[in-house]
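Enquirer: from the sequence below, what's the structure:
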Amino acid sequence: MWTRLSQCVPRRGPQPPTTDCHRYYSQAPTTVWKKSELFHTLRGLFHQKKWRSIIGIYNTTCHTQLDTHSYNFILTAFAEQKRPKRAERVFQSMMMANRPQPASCYPNACTFGIMLGVYAQQQKPEKVEYVVSTMAKFRVPLDEAAYNLIIGFYSSLGLKDDANRYLTRMQQDGIKPSDVSFTKMIQMYVSSRSLRETEELYSQMVTLGIRPNALVYTALIEIYASYLETDKAATVLAEMKENGWQPNFHSYNQLLAMYLQARLFVYIPPIIGEMSDLGLLDVYTGTAFIDILARENCIEEAELIFHEMQKKMILNERTYGAMISMYLARENFQATESLVLQMKAQGIPVNLVIYTHIIHAYAKAGHYDKAELFFEEACENESEIDVVTYTTMLHAYAMYGISYKVERLLADMKARGVKPNAWTYTVLISGYGKALDLRNAEKIFQEMKLDGVEPTVVTYNALINVCSKLQKVERVESLLQEMTSRGIHRDLATYSGLLIMYGKLRELSKMEDLLQEMQEEGLRPNTHTYNIILGTCVQFSQEEAEEWFLKMIEEGAPPNVTTYSMLLDLYDKNQDVSKIHATFGDMDERGVAHGHLDHTLLQSLYKKLG
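Expert: Residues are numbered from 1 along each chain as shown. I've put the predicted structure just below:
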């Protein structure tokens with residue numbers, strides 16, 4: 001009965017009452033039961049968990065007829081009904097020294113266990129200690145269950161010293177701790193990331209011959225995973241399975257997170273496979289790891305997880321979307337189309353997001369005809385095509401200079417009630433810019449303003465870039481004036497476009513002025529900014545280029561492979577072997593791989609170096 005009663009505790013409650021116990025008992029009801037009849041009635045209601053009925057009997061019964069067991073039933077009822085104040089009043093009435101009370105009403109181990117649970121749930125350490133001291137007065141020793149409850153309580157609060165104090169006292173009283181005693185303490189140390197204390201406590205547990213349970217193993221895996229102790233975590237998992245405990249979702253999730261953080265991606269598919277065999281793998285977990293592995297360029301590992309999910313038939317459109325995105329990023333169009341066919345065969349709808357990704361990838365790779373086919377398919381399968389999908393297809397047409405299709409699709413878009421936004425027009429201007437089609441870029445820019453769509457700084461940057469490439473200085477200056485009149489501030493991309501234009505015009509002094517203006521505006525030049533200037537400097541002299549390279553480093557802009565390529569190409573032409581040596585050394589120090597350089601340039605450099 002102790003075990004059952006000690007678990008019947010409320011989760012929270014008000015402060016203990018300050019009740020006049022004499023007044024309380026002077027107002028007690030007068031209904032009289034036979035002791036045996038009352039006890040059996042309360043016990044029957046207890047087993048049926050009819051807590052309100054027990055409380056009702058207590059409220060209408062002469063309390064002098066109650067013995068210890070009956071009181072315990074009543075205490076449990078108040079605890080279960082989340083009424084700790086009443087439970088405390090009943091408890092106090094059992095201990096009243098100045099009221100005549102038979103020994104049969106004194107609290108026993110079960111009584112104190114219930115109250116320990118009540119106060120533990122209220123998170124009141126001082127009250128727990130009060131119960132322990134009261135037990136000593138009544139010469140009721142703490143048993144294993146009481147010790148476990150107290151140790152668990154202090155562990156849940158993170159009070160390590162108090163938890164250890166009771167664990168030591170437990171052993172001094174000749175009670176052998178159980179796995180329950182250690183579990184809460186190990187979990188406490190794990191939550192505070194105390195690896196040394198966790199290992200010491202686990203070692204003590206093993207020394208005492210206590211068999212660890214699943215919670216202990218899970219906690220050990222968690223702390224080893226947090227410290228990236230991959231071998232130890234794997235050993236604990238193996239030991240857990242050898243001892244007959246099945247790892248749960250949390251155990252496997254900790255291992256997966258550890259392997260991800262340690263970048264040991266090859267270990268992830270086997271863990272996913274085990275989870276799948278145990279029925280712990282869900283579509284969200286599998287899809288998330290496919291997406292992560294795809295971003296880390298771990299194609300084989302992502303495919304293994306996908307095939308495992310296929311076996312268990314736990315796939316949805318997001319899973320396929322993650323795989324398709326992975327293949328599209330690597331321009332594996334054959335695998336992409338195969339997955340689309342699989343989706344259709346399994347009745348999984350190809351949503352608009354997937355269609356848009358496919359259209360964008362085909363257009364980017366130069367297959368605008370394929371992009372067009374998937375766009376038409378999307379129009380057939382989807383009731384409404386959104387502005388993102390339309391914009392993606394429009395960009396493809398603009399990028400390849402197919403202006404008549406742009407006009408037709410833009411008109412169709414408006415006819416369907418899909419209003420082009422600033423991004424749509426900006427993407428079109430950018431697309432025409434890549435084709436150096438200034439006439440159509442300007443046409444779209446004017447149409448944008450006629451449609452009442454306000455150009456953004458990105459829109460102006462796109463038009464300035466195409467004008468800069470074509471060295472249309474006057475038009476660039478008029479666009480800059482228009483930006484100022486509209487209250488649109490120049491950003492880093494605006495200045496980059498201007499630097500490109502003046503670089504083509506070989507006006508280094510003007511570029512220096514722009515750089516100073518940027519800094520006055522609070523914009524910090526980045527690596528790309530300095531690379532544009534450096535690209536112009538190498539056309540003048542080696543000294544000028546080196547001067548700007550040093551300035552770039554002083555300003556905290558880290559050189560990249562493009563920076564070093566320009567310098568090495570210059571040194572190669574000037575046959576300056578010592579500078580080639582020095583530049584390679586600088587690349588090694590900054591972690592810029594030689595292999596990223598142009599292959600022809602690299603061969604020429606190595607030849608000079610012998």
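
Enquirer: any idea how far residue 424 is from residue 571?
Expert: Applying Cβ to Cβ, to the nearest Å, the value for residue 424 to residue 571 is 46 Å. (C-beta placed from N, C-alpha, C; glycine too.)

Enquirer: before we move on, what about residue 90?
Expert: According to Cβ to Cβ, residue 90 and residue 571 sit 92 Å apart.

Enquirer: how about residue 316?
Expert: 55 Å.

Enquirer: more neighbours: the two, which one.
Expert: More crowded of residue 316 and residue 571, by other Cβ atoms under 10 Å: residue 571, with 23 against 15.

Enquirer: give me the neighbour count for the residue lying closest to the more buried one once chain neighbours are set aside.
Expert: Of all residues not flanking residue 571 in the chain, residue 579 sits nearest, at 4.5 Å (Cβ to Cβ, 6 or more residues apart in numbering). Other residues within reach of residue 579, judged by other Cβ under 10 Å, total 17.

Enquirer: quick check: mean pLDDT across the helix or strand harbouring residue 579?
Expert: In this structure, residue 579 sits in helix 577-590 according to DSSP states H and E. Average pLDDT, helix 577-590: 91.

Enquirer: likewise for stretch 192-204?
Expert: 93.

Enquirer: for it, the distance to its chain's centre please.
Expert: Relative to the chain's own centre, stretch 192-204 is displaced by 27 Å; criterion: Cα atoms, centre = their mean, to the nearest Å.

Enquirer: in that stretch, what's buried?
Expert: Across stretch 192-204, burial judged by 16 or more other Cβ atoms under 10 Å covers 194-195, 197-199, 201-202.

Enquirer: can you show me the helices along the stretch 451-600 of the chain?
Expert: With DSSP state H, counting those that start in this stretch, the ranges of helices along the stretch 451-600 of the chain come out as 457-469, 473-485, 492-504, 508-520, 527-537, 542-554, 561-574, 577-590, 599-609.

Enquirer: highest mean neighbour count out of those helices?
Expert: helix 457-469 (a mean of 23; mean count of other Cβ atoms under 10 Å).

Enquirer: one step back: now the helix holding residue 579: how far from the chain's centre is it?
Expert: 40 Å.

Enquirer: helices and strands around that helix, which ones?
Expert: Secondary-structure packing of helix 577-590 (3 or more Cβ pairs under 8 Å, 6 or more residues apart in numbering; DSSP states H and E): helix 561-574, helix 599-609.

Enquirer: residues touching the longest one, excluding its own?
Expert: Contacting residues not belonging to helix 561-574 are listed as 527, 530-531, 534-535, 538, 542, 545-546, 549, 552, 579-580, 583, 586-587, 592-593, 596-598, 601, 604-605, 608 [Cβ atoms under 8 Å, 6 or more residues apart in numbering].

Enquirer: hey, C-alpha coordinates of that helix in CSV?
Expert: Output of helix 561-574 as CSV, limited to C-alpha atoms (Å, rounded to 0.1, in the frame of the first residue of the first chain):
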residue,chain,number,x,y,z
VAL,A,561,40.5,32.5,-54.3
THR,A,562,39.5,35.3,-56.7
THR,A,563,41.9,37.7,-55.0
TYR,A,564,44.8,35.3,-55.2
SER,A,565,44.0,34.3,-58.8
MET,A,566,44.4,37.9,-59.9
LEU,A,567,47.7,38.4,-58.1
LEU,A,568,49.2,35.0,-59.2
ASP,A,569,48.1,35.7,-62.8
LEU,A,570,49.9,39.0,-62.6
TYR,A,571,53.1,37.4,-61.1
ASP,A,572,52.9,34.7,-63.7
LYS,A,573,52.9,37.2,-66.5
ASN,A,574,55.8,39.2,-64.9
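
Enquirer: relative to helix 599-609, how tilted is that helix?
Expert: If you take axes from the mean of the first three to the mean of the last three Cα atoms, to 10 degrees, helix 561-574 sits at 50 degrees to helix 599-609.

Enquirer: quick one on the thing from earlier: could I get the helices of the stretch 451-600 of the chain as CSV with distance to residue 400?
Expert: Formatted as CSV, those follow (distance: least, Cβ to Cβ, whole Å):
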stretch, distance to residue 400
helix 457-469, 15
helix 473-485, 24
helix 492-504, 22
helix 508-520, 32
helix 527-537, 26
helix 542-554, 36
helix 561-574, 26
helix 577-590, 37
helix 599-609, 28
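
Enquirer: after the lowest-mean-pLDDT helix or strand in the chain comes which helix or strand?
Expert: Across the helices and strands of the chain, mean confidence by mean pLDDT, DSSP states H and E is lowest for helix 21-26: a mean of 30. Next along the chain after helix 21-26, taking DSSP H and E as the criterion, comes helix 35-47.

Enquirer: give the buried residues for that next one.
Expert: Using 16+ other Cβ under 10 Å as the test for burial, helix 35-47 gives 38-39, 41-42, 45-46.

Enquirer: next one: that helix to chain centre, how far?
Expert: Chain-centre distance of helix 35-47: 53 Å, with Cα atoms, centre = their mean.

Enquirer: over to stretch 517-532?
Expert: Per Cα atoms, centre = their mean, the centroid offset for stretch 517-532 relative to its chain is 34 Å.

Enquirer: same question for stretch 562-573.
Expert: 42 Å.

Enquirer: cool, stretch 527-536 as well?
Expert: 37 Å.

Enquirer: and for stretch 189-206?
Expert: The answer for stretch 189-206 is 27 Å, by Cα atoms, centre = their mean.

Enquirer: other residues contacting that stretch?
Expert: With contacts defined as Cβ under 8 Å, 6+ apart, stretch 189-206 is touched by 158, 160, 177, 179, 182, 185-186, 212, 216, 219-220, 222-224, 226-227.

Enquirer: mind doing that once more with 6 Å?
Expert: Residues from elsewhere that reach stretch 189-206 (Cβ atoms under 6 Å, 6 or more residues apart in numbering): 182, 185-186, 219, 222-223, 227.
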